[in-house]
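Engineer: give the three-dimensional model of this entry:
(one chain, ligands or ions: 1)
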Amino acid sequence: MKKTLLFVLFLGLALNFTACKGEKKEEKAKEPAKIEEPAKTEAAAPEVSPEEKAFLAVVDKIDPANKCTVCHHATNAGVGPNYTEVAKVYKEKGGNIVQFLKGNAEAIVLPERFNEMQANLEVTKKLSGEDLNAIAAYIRSLE
Ligand code: HEC
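Structural biologist: A predicted model of the protein is given here:
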């Protein structure tokens, strides 16, 4: 009787042992690696030429009312002739932009509307030669 009891006890232990061993290891389901979307690149900014950069630095120093960029654009129509047009006329007629901005040369692009530009010459006359050259170089770069 004692032996049978021991045997049953032993069997019970043995069964318990195997049951534990058989426990399934839960494998963590691996989450699929998230594929990072590449950051959307912003629309490429229009390239600013070194000439334009230097020109804009000069315009920065000018009072708002006389800012060249208010009336003149590179290629679009504005209050004043666009700079591409100014560059073309100055090239064709052999004009000197710096001399015009110093008040030493007559208007050759739209002389009949010079009165609209005249007040700005009071500003440009006071600019340094370096600044005037930067303005002229930018306008010429648009030829
Ligand atoms: C309020 C508007 C206005 C502003 C500001 C202005 N302009 Fe003008 N500009 C005009 C008009 C209008 C003309 C056309 C009349 C003329 O040809 O002189 C003109 C003409 C010109 C011309 C051609 C001149 C020619 O030979 O006929 C140049 C060069 C010029 N501007 C440069 C500049 C620069 C540089 C600045 C900034 C310092 C400037 N303008 C600011 C209105 C403006």
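Engineer: low-confidence regions, this structure specifically.
Structural biologist: Applying pLDDT under 70 to the chain picks out residues 1-32, 37-42.
Engineer: from the ligand, how far off is the residue nearest to the spatial centre of it?
Structural biologist: Central residue of the chain (CA atoms, centre = their mean): Ala45, 4.0 Å from the mean position. Computed as CB to the nearest ligand atom, to the nearest Å, the Ala45 to the ligand distance reads 24 Å. For glycine as for every other residue, the C-beta is placed from the backbone atoms N, C-alpha and C.
Engineer: measure Arg113 to Pro81 for me?
Structural biologist: Separation of Arg113 from Pro81 (CB to CB, to the nearest Å) stands at 9 Å.
Engineer: which one's more surrounded, the two?
Structural biologist: Pro81 (19 against 13; other CB atoms under 10 Å).
Engineer: could you find the closest non-adjacent residue to that one?
Structural biologist: Nearest residue to Pro81 in three dimensions, chain neighbours excluded: Val109, at 5.2 Å (CB to CB, 6 or more residues apart in numbering).
Engineer: could you do Lys88 as well?
Structural biologist: In space, Lys88 is closest to Glu143, 6.7 Å off (CB to CB, 6+ apart).
Engineer: for Ala107, same thing?
Structural biologist: Nearest one to Ala107, counting by CB to CB, 6+ apart, is Phe114 at 4.2 Å.
Engineer: list the buried ones in stretch 117-129?
Structural biologist: Residues 117, 120-121, 123-124, 127 are the ones in stretch 117-129 that count as buried (16 or more other CB atoms under 10 Å).
Engineer: chain center to that stretch: distance?
Structural biologist: Distance of stretch 117-129 from its chain centroid, counting by CA atoms, centre = their mean, to the nearest Å, is 31 Å.
Engineer: alpha carbons only: can I get that stretch in CSV?
Structural biologist: Provided in CSV are the C-alpha atoms of stretch 117-129 (Å, rounded to 0.1, in the frame of the first residue of the first chain):
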residue,chain,number,x,y,z
MET,A,117,11.9,107.7,-61.1
GLN,A,118,13.6,111.0,-60.3
ALA,A,119,12.9,111.0,-56.5
ASN,A,120,14.8,107.8,-56.2
LEU,A,121,17.9,109.3,-57.5
GLU,A,122,18.2,111.4,-54.4
VAL,A,123,18.6,108.1,-52.6
THR,A,124,20.9,106.4,-55.1
LYS,A,125,23.2,109.5,-55.4
LYS,A,126,24.1,108.9,-51.7
LEU,A,127,25.0,105.3,-52.2
SER,A,128,28.6,104.2,-52.3
GLY,A,129,30.3,103.4,-55.6
